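A.B. asks: Give me the fold of what follows.
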Amino acid sequence: METTNKLKDINEVLDFLYQEFPQCFKQKDGIQPLKVGIFKDIAERIEGSEKVSKTQVRQALRKYTSNWRYLEAVTKSEFRIDLDGNQDEKVEQEHIEHAQKALEESRAKMAKRKKPQRPRKDGDTKSYKKNTGHHAKSGEKGAKVNNKPAKAAPVKRSGKVEPLPASEVKVNSKVKVKLGQALVNAVITEVNKDEVHVELVTGMQVKTKADSLYII
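C.D. replies: Take a look at the predicted model:
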């Protein structure tokens, strides 16, 4: 019976956070960066709630903190806030730079989706083949290389990056987490067997594996 009372839609969970913590969570105006470790504070406040689970809150936080307005707030605000809207720690420069990068990547993806693709005409393809066919044997490899953007040389990291020892995989440990090819500072919020939940510097909640964690 308890599960039937739970909110199911992620937007409903966000509405729950707006109503439950109005000084902290904002829909549009007044958005401010959240305190690092705020998930733990929310989990304590909603303990025993029949409406939302910790997993749902984590998903809602991920959506809230990946929103453009929130990322912009991280880049422009001086301080973070707690659940009651009180000023907390200062937003570090590293967090600002990470939010700016995430914002740029998100906007680039959106622009790519919206960009209309010009339909390719069969005539264009054939004429291209005719014009380039004469040079196919002598310069085919060169033509292919010129048509493709040169791959950037891999960035060499300064200093040795060491995996996080198993003994340090515990709640509140500060770590670096591997996201794609990048290492991002984070704090462990929950350890559940092989799964580890971390909170990034932007406030986003991420689920990962212990072998993706490194020493800061």
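A.B. asks: Looking at the chain, which helix is longest?
C.D. replies: Taking DSSP state H as the criterion, the chain has its longest helix at helix 93-114.
A.B. asks: Next up, the contacts around the residue lying closest to Gln27 once chain neighbours are set aside.
C.D. replies: Once flanking residues are discounted, Gln27 sits nearest to Tyr18: 6.0 Å by Cβ to Cβ, 6 or more residues apart in numbering. All C-beta spots, glycine's among them, are computed from the backbone N, C-alpha and C. By Cβ atoms under 8 Å, 6 or more residues apart in numbering, the contact set of Tyr18 is 25-27.
A.B. asks: Take those residues and keep only those in strands.
C.D. replies: Counted as lying in strands by DSSP state E, out of these, is not a single one.
A.B. asks: ok, and the most crowded of those?
C.D. replies: Top of the contacts of Tyr18 by neighbour number is Phe25, holding 25 neighbours under the definition other Cβ atoms under 10 Å.
A.B. asks: Roughly how far does that one sit from His98?
C.D. replies: To His98, Phe25 is 21 Å away according to Cβ to Cβ, to the nearest Å.
A.B. asks: can you give me the helices in the chain?
C.D. replies: Under DSSP H, the chain gives helices at 10-20, 38-45, 54-65, 68-76, 93-114, 122-133, 136-147.
A.B. asks: Show me what the third one is packed against.
C.D. replies: By that I understand helix 54-65. Judged by 3 or more Cβ pairs under 8 Å, 6 or more residues apart in numbering; DSSP states H and E, helix 54-65 is in contact with helix 10-20, helix 38-45, strand 205-209.
A.B. asks: Point out the one among the helices of the chain that comes closest to Ala166.
C.D. replies: Nearest to Ala166, of all these, is helix 38-45, at 22.0 Å by Cβ to Cβ.
A.B. asks: And the closest one, what does it pack against?
C.D. replies: helix 54-65.
A.B. asks: ok, Lys26 - contacts?
C.D. replies: 18, 32.
A.B. asks: Which positions within the lengthiest strand in the chain qualify as buried?
C.D. replies: Taking DSSP E as the criterion, the chain has its longest strand at strand 182-192. For strand 182-192, a neighbour-count test (16 or more other Cβ atoms under 10 Å) marks 183-190 as buried.
A.B. asks: Export the residues you listed as TSV, with columns for pLDDT.
C.D. replies: Listed next are those as TSV, based on pLDDT from 0 to 100:
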residue	pLDDT
Leu183	83
Val184	84
Asn185	86
Ala186	87
Val187	87
Ile188	90
Thr189	88
Glu190	84
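A.B. asks: For those, give me JSON lines that also has distance to Leu71.
C.D. replies: Listed next are the buried residues of strand 182-192 as JSON lines, based on distance: Cβ to Cβ, whole Å:
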{"residue": "Leu183", "distance to Leu71": "19"}
{"residue": "Val184", "distance to Leu71": "14"}
{"residue": "Asn185", "distance to Leu71": "16"}
{"residue": "Ala186", "distance to Leu71": "16"}
{"residue": "Val187", "distance to Leu71": "19"}
{"residue": "Ile188", "distance to Leu71": "23"}
{"residue": "Thr189", "distance to Leu71": "20"}
{"residue": "Glu190", "distance to Leu71": "24"}
